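> From the sequence below, what's the structure:
(chains A and B)
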Amino acid sequence: MLRIALLMLFRDRAKYVMLIVGLTFCSLLMTQQSSVFCGLMLWTSATVRNIGAKVWVFDAKVEQVNEVIPLREIEVTRVRGIPGVEWAVPLYVGIEQARLSDGSFQNVQLVGLDTATFVGRPMQITKGRIEDLRMPDAVIIDQVGVDKFRKKGITIDIGTTFEINDKTARVVALCHANRSFLGQPYIYTTYDRALQFAKPQRKMMSCVLVEPKPGVSSKELAESISAIPGLRAFERDDLFWSTVWWYIKNTGIPISFGTVVLMGVIVGIAIAGQTFYLFILDNLRYLAALKAMGARMPILAAMVFLQSFSVGFVGFGLGVGLTSIFGYKVLKIEQPPFFMPWQVPAFVAVIIILICCFSAAIGLRQIAKLEPAVVFK
Amino acid sequence: MIPHEASQAGSGSIAVAVRNVTKIFPNGDTPTYALRDVSFEARCGELTMIVGPSGCGKTTLLSVICGTLAIDSGSIEVFGKNLGSMSPSEVTGFRSKNVGFIFQQFNLIPTLTVVENVSIPLILQGWNYRKAEEKAAAILKDVGLGERIRSFPKQLSGGQQQRVAISRALVHDPKLIICDEPTASLDAKTGHHALELLKRSACAPDRCVIVVTHDSRIFSFADWIAEMEDGRVVKSCRAAEYHHA
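Numbering: from 1, shown residues only, chains lettered A, B, ... in the order given. Presented below is the predicted three-dimensional model:
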């Protein structure tokens, strides 16, 4: 009877299309919004992923990577004294103002790398050499910066100069870096030069990057370092999640996205549930006839659930597929943020299954109440 | 009980025995007696008609005979099986195997082709689709619809739909055929043809056909007629004797 159930569904074109459209829209809305949310959360932790150190040491009050409370440089030495530390280097991270050749300003995320080792260097140099960073006034700018400056009519290439806080910066290389939450370009330079670019403060160092000795776990080392008064160390993944959770707890982003996802669920239930219910109502007399002819309730239930899940499956597939196309397109231009981990389609699949179960259940309720004798009325 | 003598036309064994059946529909403070102490028999090899005016309980009697409606008192035996002693699931299984239905509105599923509609009783019994459709196509050919097996019900005339409904009722070789007002949706000529077809293809020595109707034009097709009035069988006799009684 399952084939009969599918034929009944597929050949009722209007309702079938309506069900597919409803569930596709619901699935698309939930997948797309969840993926944009995940992408946005990735942006918040862009610095963690760009620098890539295993252990990060901050001021004890710091909760996430974008929150900089400067440290004294002596802290590097204190950290180096902790057993299990292979090496420790200073890092400067701060938002500075760049003045372009046309006089316009652009906020940039300035990253000062340890001059000797370049620990935290860009993952991918697309043009030029990292070693040229040792040249006077040298900086490396990421592709986001190149694109932003291009929009302002300024072409950035090796040799281009601009100012950071009234000090000349000269581009010696171009790189690719993960985009930051606020979308400022990443500009890499040496730690010492970064301190010259930055506005002077009593304490300047943003954090200490640490590598554990072989055999020492990052988590254990972070706990050891955190025991030093005034310092707090994070293992890389902890810092990533700490940053993500900070944005979830302290911003309206999850509420905004959650509302849209909830709307997707409501739209799905409303359209799919109602259409499927109408589909069952339209077929009630035929289902009653089947009941009279000897179709038992489990057979009818299997038919209804198969019909419901088949539209759910197609709607889910189309929704996720369209979201993937959307993601493929936006990833090329890196805006809006987009990241679709497997948990997103899994979450949407669960929601679609619940919607299908709900739709089938309200239809089945009608069938269960149905007396086969009604076919004689 | 109004006795039903053996018919010379068929084997004559009792197919359906309804004894002292009462069916009450709750209707607020004043319950409605749809059947009042009804006794009735139908025999194999015969076409039995249950006739009477609207609201006399014909359809209710049909419903309790095929087990789609529970009774309040009395007993019903169909081919020696007491429906009252069977569980609802057993009744459903019994119905699936032994009863063929022809509904007043045909109840052909509009989104299924003619052959798919006819194959449903076989599929319900666990036949595979291909074999079920082969048998359905064969029986449709017998009723003159061999060229229309891939048509949808709405593409057929009322008479053709009735022929499909008859085919669906017969496809699984049931022992009991139940017809509810088979001519109600048809004009006189088409109704006459439908009854001819039903009589020709459904009536067999080991099969009982029960037709509920108030269409006196088709009474001549009956072997036996039971007349109902106000929830009671008031007359039950051979068709030939009915008009003289």
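
> which SS class is the residue in chain B positioned nearest to chain A?
Closest to chain A within chain B is residue B:96: 2.3 Å, counting by C-beta to the nearest C-beta. (Each C-beta comes from the backbone N, C-alpha and C, glycine too.) Under the three-state scheme (DSSP: H, G, I helix; E, B strand; the rest coil), residue B:96 adopts helix.

> could you pull out the strands for chain A?
A:55-59, A:85-99, A:105-113, A:124-128, A:138-142, A:161-164, A:167-176, A:186-190, A:207-212, A:231-235 (DSSP state E).

> Nearest to chain B among these would be which one?
For chain B, the closest of the strands of chain A is strand A:167-176, at 55.3 Å, according to C-beta to the nearest C-beta.

> interface residues of the stretch 151-300 of chain A facing chain B?
Within the stretch 151-300 of chain A, the positions adjacent to chain B are A:283, A:285-286, A:288-296, A:299 by C-beta under 8 Å from any C-beta of the partner chain.

> Throw the strands of chain A into JSON lines and include mean neighbour count, distance to residue A:262 and mean pLDDT, thanks.
Shown next, in JSON lines, are the strands of chain A (neighbours: other C-beta atoms under 10 Å in any protein chain shown; distance: least, C-beta to C-beta, whole Å; pLDDT from 0 to 100):
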{"stretch": "strand A:55-59", "mean neighbour count": "25", "distance to residue A:262": "35", "mean pLDDT": "93"}
{"stretch": "strand A:85-99", "mean neighbour count": "19", "distance to residue A:262": "34", "mean pLDDT": "92"}
{"stretch": "strand A:105-113", "mean neighbour count": "22", "distance to residue A:262": "34", "mean pLDDT": "91"}
{"stretch": "strand A:124-128", "mean neighbour count": "15", "distance to residue A:262": "39", "mean pLDDT": "91"}
{"stretch": "strand A:138-142", "mean neighbour count": "27", "distance to residue A:262": "36", "mean pLDDT": "94"}
{"stretch": "strand A:161-164", "mean neighbour count": "18", "distance to residue A:262": "44", "mean pLDDT": "92"}
{"stretch": "strand A:167-176", "mean neighbour count": "19", "distance to residue A:262": "36", "mean pLDDT": "93"}
{"stretch": "strand A:186-190", "mean neighbour count": "25", "distance to residue A:262": "35", "mean pLDDT": "94"}
{"stretch": "strand A:207-212", "mean neighbour count": "24", "distance to residue A:262": "38", "mean pLDDT": "93"}
{"stretch": "strand A:231-235", "mean neighbour count": "23", "distance to residue A:262": "33", "mean pLDDT": "94"}
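
> Same list, the ones you listed, but as a markdown table with distance to residue A:336 please.
Formatted as a markdown table, the strands of chain A follow (distance: least, C-beta to C-beta, whole Å):
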| stretch | distance to residue A:336 |
| --- | --- |
| strand A:55-59 | 28 |
| strand A:85-99 | 21 |
| strand A:105-113 | 19 |
| strand A:124-128 | 22 |
| strand A:138-142 | 18 |
| strand A:161-164 | 28 |
| strand A:167-176 | 19 |
| strand A:186-190 | 19 |
| strand A:207-212 | 29 |
| strand A:231-235 | 28 |
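
> Verify the stated contact: residue B:172 with residue B:121.
Yes. Contact criterion C-beta atoms under 8 Å: residue B:172 and residue B:121 qualify, at 4.2 Å.

> what is in contact with those two at once?
Residues touching both residue B:172 and residue B:121 (C-beta atoms under 8 Å, 6 or more residues apart in numbering or on different chains): residue B:100.

> Check the residues of the stretch 151-300 of chain A next to chain B and tell me the two furthest apart.
A:285 and A:296 (18.2 Å; C-beta to C-beta).

> Count the residues that sit near residue A:255.
9 (other C-beta atoms under 10 Å in any protein chain shown).

> And the one 5 residues further on, by the same measure?
Counted with other C-beta under 10 Å, residues neighbouring residue A:260 total 15.

> Closest approach to chain B from chain A, which residue is it?
Closest point on chain A to chain B, by C-beta to the nearest C-beta, is residue A:294, at 2.3 Å.

> For the closest residue to that residue other than its chain neighbours, list the residues it contacts.
The spatially closest residue to residue A:294, leaving aside those adjacent along the chain, is residue B:96, at 2.3 Å (C-beta to C-beta, 6 or more residues apart in numbering or on different chains). Counting by C-beta under 8 Å, 6+ apart, residue B:96 makes contact with A:293, A:294, A:295, B:121, B:124, B:125.

> What strand or helix carries the fourth one?
Residue B:121 is part of helix B:114-124, with elements assigned from DSSP states H and E.

> Past that helix, which element shows up next along the chain?
Counting by DSSP H and E, what follows helix B:114-124 is helix B:129-142.

> Next, the angle from the helix or strand following that following helix to helix B:129-142.
Downstream of helix B:129-142, the first helix or strand assigned by DSSP H and E is helix B:158-170. Helix B:158-170 runs at 130 degrees relative to helix B:129-142, counting by axes from the mean of the first three to the mean of the last three C-alpha atoms, to 10 degrees.

> I'd like to check which residues are in contact with residue B:196.
Neighbouring residues of residue B:196 by C-beta under 8 Å, 6+ apart: residue B:221.
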